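Asks: next input, structure requested:
(one chain, ligands or ions: 1)
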Amino acid sequence: MANSTLMTMLCSAAVVLTATGAAPEHFQPRAKELLADSIELEKNAHCLNVVYFTGNDMQPTAEADRRISELLLYLQQFYGKEMQRNGFGKHSFGLSLTDCGNVDICYIKGKQPHKSYAYGTGHDACIAEVEAWFKANPGKKKSTHTFIIMPTWQDEGYSDKNPGGVPFYGYGRYCFALDYTDFDIRHLGQKTPEGRLLTKWYGGFAHELGHGMNLPHNNGTVDVNKALGTPLMGSGNYTFGMSPTYLTHSSCAILSNTEIFVPAGSTHQFYSIDHEPAVHHVEFMRKGDMLELYLEVSTDVAHINAYVQDPPYAVNQDYEAVAFSCTMGTRNGKRVAGVVIPLYELGNLENKDSGELGLDILIQTYEGSRFRWRIPFDLSKQAAGTPIETGKPTFMRGY
Ligand code: ZN
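Replies: As a prediction, the model looks like this:
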């Protein structure tokens, strides 16, 4: 009884502290230190579903609740600060918290042994069980974005020192990451084996969560990389916590129209449209050392990004795609978008001078859907000042 009264008091105190932006009382000192300069984020309309999933023969790793909460709250601040720096306000992904200030994590025990939920093959079985659990616990599903964390396997191949075995990737609006004993924010930035291991798996955790929140891979421009380091959705999963890592403006533009980033009061029905946005007009041109892109599109378009990359375009071959954000406006009842791409900002793309490059135009609507149109071109065959042939838009969805 006394313990429960004490716990209630601790929880009440934590709630007050959380409201002022500081870390909950029971967080470890290093977490409190890292969260000390937290910004007060805008309230969200929808929250990320956080699931801790184990096979029927596994348990969550010790202190998962505190460790994962600290890691997620720090990451929420990282995304929020990057959104603010890029001019999108103090918006981050929403997290539902318990009275104690921990993240409200859904602990779900699978119906099968852990080996049934393996890397590369186990995600569909896991998702089916998670969705069945949400159906049985309807109040727990806060959005269509779900982050699933599984503890590392412990066998001849994997252990707490060499975690793995479980799914670790984005998969539509689901994303998967893993947990292990030293997956603890107190190791962040430490030049120790635990610190290096944390960067690998926490950087991956942050990056895969980006995929689960609609983000594709991208690289920054030469100038921005020089100023800010490595983009999280490029190779920033290897630098996060160790050296400067950032979100590109293009990534933040997508997040600003993502279900779990929009502010309280938003009434958009996310991912609900079944038609492509109309492209009324497009101009793509080389002018000296620059490319110019101009589009007129339908009014349901919120934002347009342009990515330039070398082929091949296959999954995970696009880390080097240099991202540019269009400036958006409205004219005569149409959305207009334009961007200038200085060629030197493309850095060392192999085919920059000669050979095929792909311009990907990513169109995002206000209700979050993304449509990608790829235009191949070759600068060595393109006289300056002449339009580059774009053809008619052919969209790939969900990118
Ligand atoms: Zn990735």
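Asks: what is the neighbour count of residue 149?
Replies: Burial of residue 149 is recorded as 24 neighbouring residues (other CB atoms under 10 Å). The C-beta positions use only the backbone N, C-alpha and C, and glycine is treated the same way.
Asks: ok, it to residue 183 distance?
Replies: 9 Å (CB to CB, to the nearest Å).
Asks: other SSEs contacting the helix or strand harbouring residue 51?
Replies: Here residue 51 sits within strand 49-54, counting by DSSP states H and E. When contacts are defined as 3 or more CB pairs under 8 Å, 6 or more residues apart in numbering; DSSP states H and E, strand 49-54 sits against helix 64-85, strand 106-109, helix 123-136, strand 146-151.
Asks: list the contacts for residue 179?
Replies: 52, 60-61, 64, 67-68, 149-152, 163 (CB atoms under 8 Å, 6 or more residues apart in numbering).
Asks: kindly recompute the last result at 10 Å.
Replies: Counting by CB atoms under 10 Å, 6 or more residues apart in numbering, residue 179 touches 52, 54, 60-62, 64, 67-68, 71, 149-152, 160, 163, 166, 201, 205.
Asks: just the buried ones among these, please.
Replies: Buried members of the contacts of residue 179, counted by 16 or more other CB atoms under 10 Å: 52, 54, 60-61, 64, 67-68, 71, 149-152, 163, 166, 201, 205.
Asks: low-confidence ranges in this structure?
Replies: Within the chain, the stretches with pLDDT under 70 are 1-22, 399.
Asks: centroid-nearest residue for it?
Replies: Nearest to the mean C-alpha position of the chain, by CA atoms, centre = their mean, lies residue 210 at 1.1 Å.
Asks: so that one, which state does it fall into?
Replies: Here residue 210 is recorded as helix under DSSP: H, G, I helix; E, B strand; the rest coil.
Asks: quick check: it touching residue 246?
Replies: No: using CB atoms under 10 Å, residue 210 is not in contact with residue 246; the gap is 11.9 Å.
Asks: residues shared between the contacts of those two?
Replies: Counting by CB under 10 Å, 6+ apart, the contacts common to residue 210 and residue 246 are 231-233, 236.
Asks: need the max-distance pair from those.
Replies: The most widely separated members of those, counting by CB to CB, are 233 and 236 (6.8 Å).
Asks: of these two, which one has the most company?
Replies: Shown here are residue 233 and residue 236; by other CB under 10 Å, residue 233 has more neighbours (27 against 24).
Asks: which ones are touching that one?
Replies: Shown in contact with residue 233 (CB under 10 Å, 6+ apart): 206-207, 210-211, 215-220, 246-248, 250-251, 254, 318-319, 321, 323.
Asks: which element is it on?
Replies: Going by DSSP H and E, residue 233 is not in any helix or strand.
Asks: from residue 119, how far off is it?
Replies: From residue 233 to residue 119 the distance is 21 Å (CB to CB).
Asks: and stretch 208-219, what's buried?
Replies: For stretch 208-219, burial by neighbour count (16+ other CB under 10 Å) applies to 208-219.
Asks: between those residues, which sits nearest residue 77?
Replies: residue 209 (13.4 Å).
Asks: how about the contacts made by the closest one?
Replies: For residue 209, the contacting residues are 48, 50, 72, 75-76, 79, 93, 145, 147, 170, 175-177, 215, 232, by CB under 10 Å, 6+ apart.
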